[in-house]
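Trainee: Just need the structure, nothing else, for what follows:
(chains A and B)
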Amino acid sequence: MAETVQREQWGSRIGLILAMAGNAVGLGNFLRFPRQAVDNGGGTFMIPYFIAFLLVGIPLMWIEWGVGRYGGVRGQGSTPGMFDALWKNPVAKYLGVLGLFMPIIVLIYYCYIESWTLAWTFFSLTGKTQGLDQVGMASFFKSYVDLENGSIHGFWVPFGFFFATVAVNFWVVSKGLTAGIEKLAKIGMPILFVFAAILVVRVLTLDPVTITHDGITTTQGPLDGLRFMYTPDWSALGSPKVWLAATGQIFFTLSVGMGSLQAYASYLTKKDDITLSGIATAATNETAEVVLGGSLAIPAVVTFFGVAGAVAVAKGGSFDLGFISMPLVFNSLPGGPIVAAGAGIMWFGLLFFAGITSSVSMATPALAFVEENFGWTRKKTAWSLAAITILLGCLHIVYNTRGFLDEWDYWAGTFGLVILALVETIIFVWIFGPDNAWRELHEGAAWQIPKFYKPIITYVTPLFLLVMMIWWTVQDAIPTLMMTGVPAENVPVKWASRGLMLLILVFELWLIKKAWAKKALKGGTA
Amino acid sequence: MDTLATAAGALPPNTLGTNALIFMAIAWTAVLGLMLWAFRKLMSTPETEKLPPAGSIP
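Mentor: Numbering: from 1, shown residues only, chains lettered A, B, ... in the order given. Alright, predicted model coming up:
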């Protein structure tokens, strides 16, 4: 194999950064972050959050850009090939299966959740969420996501929106890197920021509202929501749970440990900067999360439901916050149905753009792997993957409330991320070598990373990841594996869900074996 | 969240309060400052010249 292989490239630096930021900015920025912040000590949460950002988030961002570009210039657009290029060991390519497995698994259920945002944009437009009280709004949402208990939307409605979401995603992906993904980022990201900024201004300029909750009458406004979110609870700072929650949030929000950042970075050349671009991507995501995401849902919900109501909503989960409470807030806005519809379209529209710019990135590793190793065209690969997404996604729609989706979300979308991050850090920093890694990061660099980051990347980041993995294994992974507290009727569905994941993993390992056997036949590296 | 609820009740309605203001100002300044610094620096660095489309192996 030649040392450098020319592949498709990003059209412009701004397009690349918007696509990378679009990959990172997702539903979690607007739904998960505010909930995590209020659940974990408000302002105090921001201290471990920023420390994790500096010690884990930014180093992993550089590592993933570095791994991706190193593989990309050698013709490898997915982690099996990247790891194989970095570590000349037969095991390396099989470890890379994580970077194929996780994005595919997450993509399938993420498209389903993304389809809710498309559906709610439509419902906002057609006024279907207007005139509903809290109970009505909850039923409206629950019946959409729980087909088994009879849907007030019509059985095929969730399927219809899911098929439409998958079609849009893979239409974008099938157009290619610059004409599809980069173009989507250039359109979608500004729309997302504009919608979010308009909503933030509207929310923060709301007049105070007087409500009665449990017999107590209180008056509160949006600034009370911000105070609720940013008032420090110092006792929380000593809690390991808060540190783990903050580190976990940094992981999810930056989309590290997934395999998709590496795939995007594989389309860079040796002359392209990755140090400053990595920082710009991470900072753009953090702005979307802290400044915009933190100023929307919580201040709005506190204004109309009070602090106690907001706590109850936060405990109900991110989706209750986004799909039940926010439409209720919009219905209460002064200005009537038109304002409610406009706010709903902007809120769910921004969630849809946040979702789609992330989901197209999840499709990229598998596309690159199949294209490069089996010679399929992009269109053929994209539409084949769309068919698989629809087929398996339907299982999520049908068995959502039985825990089918939760299994995939936990093992691939949560626990798996830490494993891949740890594996890639060990391969890139320790096996490839700290000096080589440092040199690789600075190829074509527009900015020199401060030298104190070298020991951080070499020792602190892997240690942080190791502690996190051990903690999660003890605290969550073992009880989840043993299905502690799972209702008996859901156990078979959960086992089926795990079996299917395992089948996909084995199939991908077989594909890697086949791809390398093919390369060996051609006289390449085996 | 009792402390937050208490804090929210201790001040007049729709008030941010000093502690929250400090935390928010630090958080916003940190992320916005980092983003603006990175983009300003990137924009002042010339972009690499793009090579011809993919397909050729040097």
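Trainee: Show me what stretch A:327-344 is in contact with.
Mentor: A:120-121, A:123-125, A:127, A:129-134, A:137, A:199, A:202, A:206-207, A:209, A:300-301, A:303-304, A:326, A:347 (CB atoms under 8 Å, 6 or more residues apart in numbering or on different chains). Using the backbone N, CA and C atoms, a C-beta is placed for each residue, glycine as well.
Trainee: and it, how far out from the chain's middle?
Mentor: Offset of stretch A:327-344 from its chain centre (CA atoms, centre = their mean, to the nearest Å): 28 Å.
Trainee: Over to stretch A:470-483?
Mentor: Relative to its chain's centre, stretch A:470-483 lies at 22 Å (CA atoms, centre = their mean).
Trainee: and what of stretch A:404-422?
Mentor: On CA atoms, centre = their mean, the centre of stretch A:404-422 falls 11 Å from the chain's centre.
Trainee: do stretch A:486-493 as well
Mentor: The gap between the average C-alpha position of stretch A:486-493 and the chain average comes to 27 Å, counting by CA atoms, centre = their mean.
Trainee: measure that stretch end to end?
Mentor: For stretch A:486-493, the first-to-last residue distance is 11 Å (CA to CA, to the nearest Å).
Trainee: pretty sure A:Thr210 is touching A:Thr219, no?
Mentor: Yes. Contact criterion CB atoms under 8 Å: A:Thr210 and A:Thr219 qualify, at 4.5 Å.
Trainee: Neighbour count for these two, which is higher?
Mentor: More crowded of A:Thr210 and A:Thr219, by other CB atoms under 10 Å in any protein chain shown: A:Thr219, with 14 against 10.
Trainee: Surely that one forms part of a strand?
Mentor: Yes. Counting by DSSP: H, G, I helix; E, B strand; the rest coil, A:Thr219 is located in a strand.
Trainee: what separates it from A:Pro208, distance-wise?
Mentor: Distance, A:Thr219 to A:Pro208, using CB to CB, to the nearest Å: 5 Å.
Trainee: what about the residue in chain B positioned nearest to chain A, how many neighbours?
Mentor: For chain B and chain A, the shortest gap (CB to the nearest CB) falls at B:Asn14, measuring 2.9 Å. B:Asn14 has 19 neighbouring residues, counting by other CB under 10 Å.
Trainee: Read off the pLDDT value for it.
Mentor: pLDDT for B:Asn14: 89.
Trainee: Contacts only, for it.
Mentor: A:208, A:219-224.
Trainee: Show the subsequent helix or strand relative to the helix or strand of chain B with the lowest mean pLDDT.
Mentor: When each helix and strand of chain B is scored by mean pLDDT, DSSP states H and E, helix B:2-10 comes last, with a mean of 48. Toward the C-terminus, helix B:2-10 is succeeded by helix B:18-43 as the next helix or strand (DSSP states H and E).
Trainee: list the buried ones in that following helix?
Mentor: Judged by neighbour count using 16 or more other CB atoms under 10 Å in any protein chain shown, the buried positions of helix B:18-43 are B:20, B:23-24, B:27-28, B:30-31, B:34-35, B:38-39, B:42.
Trainee: swap in stretch A:369-381?
Mentor: For stretch A:369-381, the neighbour count (16+ other CB under 10 Å) marks A:369-373, A:378, A:381 as buried.
Trainee: Where does A:Val486 sit: helix, strand or coil?
Mentor: Relying on three-state DSSP, one would call A:Val486 coil.
Trainee: Against A:Lys175, how distant is it?
Mentor: A:Val486 is 42 Å from A:Lys175, by CB to CB.
Trainee: and the buried residues of stretch A:369-381 near chain B, which?
Mentor: Among the buried residues of stretch A:369-381, no residue sits close to chain B (CB under 8 Å from any CB of the partner chain).
Trainee: low-scoring pLDDT stretches of the stretch 151-300 of chain A, where are they?
Mentor: For the stretch 151-300 of chain A, applying pLDDT under 70 flags no range at all.
Trainee: In it, what residue lies closest to chain B?
Mentor: Nearest to chain B in the stretch 151-300 of chain A, going by CB to the nearest CB, is A:Gly221, at a distance of 2.9 Å.
Trainee: I'd say that residue and A:Thr210 touch.
Mentor: No. Applying CB under 8 Å as the test, A:Gly221 and A:Thr210 come out as separate, 10.3 Å apart.
Trainee: tell me which element the nearest residue to A:Gln249 once chain neighbours are set aside is part of?
Mentor: Nearest residue to A:Gln249 in three dimensions, chain neighbours excluded: A:Gln36, at 5.0 Å (CB to CB, 6 or more residues apart in numbering or on different chains). Using DSSP H and E, A:Gln36 maps to helix A:32-39.
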